[in-house]
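# Got a sequence here, can you model it:
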Amino acid sequence: MTVGVLWQSLQSRVVPYVVAVDRLGEPRAVSEAEADYTPSDPQIAWALGKFVEHVRGLSLDPVVMRRQWLEAYDFTTQRGAAFLSAHARQSGALTRIGERTVTVQITSVVRASQQSFQVKWVETAYEHGRPSGQEHWTAMVTVVRKAPRDRETLRRNPLGLYVDGIDWSRELEPAGDGPTQQSSLTSEQSPTSRLGATPNLSPTLSEVKP
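Residues are numbered from 1 along each chain as shown. Predicted coordinates for the structure are as follows:
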């Protein structure tokens with residue numbers, strides 16, 4: 001009995017906790033999760049909303065931008081991370097900090113299938129503190145779940161929710177406006193087929209100087 005107790009005490013034990021959210025997705029309570037816990041749709045909606053805010057918003061503060069992008073990478077598979085790296089390089093999100101700001105307002109997150117959600121949001125750009133334009137965007141996000149296996153993973157991604165595929169586009173505007181902008185990574189296509197060679201993550205993040 002003594003040996004058994006000693007052995008158990010030496011084993012690491014990961015205890016997942018559930019964050020209860022209200023109808024708007026805001027956290028309200030924290031409790032220990034049951035085994036094989038499956039997050040609810042409101043919890044997934046809140047996580048995906050934060051993910052979109054992190055990767056589509058622009059801050060004047062490079063430290064804030066770096067933190068938000070690192071947190072976003074914690075919620076992606078290798079495939080999803082490749083998409084984010086390509087998007088960062090193509091859009092200049094991490095190299096043009098200080099030129100303007102963009103705020104993101106999530107308007108809806110709706111389940112589309114067992115593994116995908118439709119996310120809608122509004123982006124408002126500011127230059128010199130004044131609004132300079134507004135765009136409506138829609139994304140189809142494919143997610144996968146993998147239960148956390150260690151304390152660090154649990155801390156970074158307690159729901160075990162990972163973005164694996166992203167297909168986003170600006171919503172069509174009245175005739176006469178510019179064409180719809182699109183950027184996608186779907187389950188049927190590899191990152192290199194639409195986005196070129198898979199970028200190196202480290203150089204992308206290192207371009208942001210604290």
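
# quick check: longest strand of the chain.
Ranked by residue count under DSSP state E, the longest strand found in the chain is strand 130-145.

# Low-confidence bits of the chain, can you list those?
1-36, 174-210 (pLDDT under 70).

# What is the longest helix anywhere in it packed up against?
Criterion DSSP state H: the longest helix present in the chain is helix 41-56. If you count contacts as 3 or more Cβ pairs under 8 Å, 6 or more residues apart in numbering; DSSP states H and E, helix 41-56 packs onto strand 17-21, helix 62-73, strand 101-111, strand 116-127, strand 130-145, strand 161-170. C-betas here are computed from N, CA, C, even on glycine.

# residues of it that come out buried?
Residues of helix 41-56 classed as buried: 42-56 (neighbour count, 16 or more other Cβ atoms under 10 Å).

# Buried residues in the helix or strand that comes right after the longest strand of the chain, which are they?
Next along the chain after strand 130-145, taking DSSP states H and E as the criterion, comes helix 151-156. Within helix 151-156, the residues scored as buried using 16+ other Cβ under 10 Å are residue 154.

# Kindly format the C-alpha coordinates of helix 151-156 as PDB.
Extracted in PDB, the C-alpha atoms of helix 151-156 (Å, rounded to 0.1, in the frame of the first residue of the first chain):
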ATOM      1  CA  ARG A 151       0.000  21.400 -17.600                       C
ATOM      2  CA  GLU A 152       1.500  23.800 -20.100                       C
ATOM      3  CA  THR A 153      -0.900  22.800 -22.900                       C
ATOM      4  CA  LEU A 154      -3.800  23.000 -20.400                       C
ATOM      5  CA  ARG A 155      -2.800  26.500 -19.400                       C
ATOM      6  CA  ARG A 156      -2.400  27.700 -23.000                       C
END
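
# From residue 127, how far off is residue 159?
36 Å (Cβ to Cβ, to the nearest Å).

# Which one's more surrounded, those two?
Using other Cβ atoms under 10 Å, the more surrounded residue of residue 159 and residue 127 is residue 159, with 23 against 11.

# Under a three-state scheme, what state does the closest residue to the more buried one other than its chain neighbours occupy?
The shortest distance from residue 159 to any non-neighbouring residue, by Cβ to Cβ, 6 or more residues apart in numbering, is to residue 39 (4.6 Å). When classified by DSSP: H, G, I helix; E, B strand; the rest coil, residue 39 comes out as coil.
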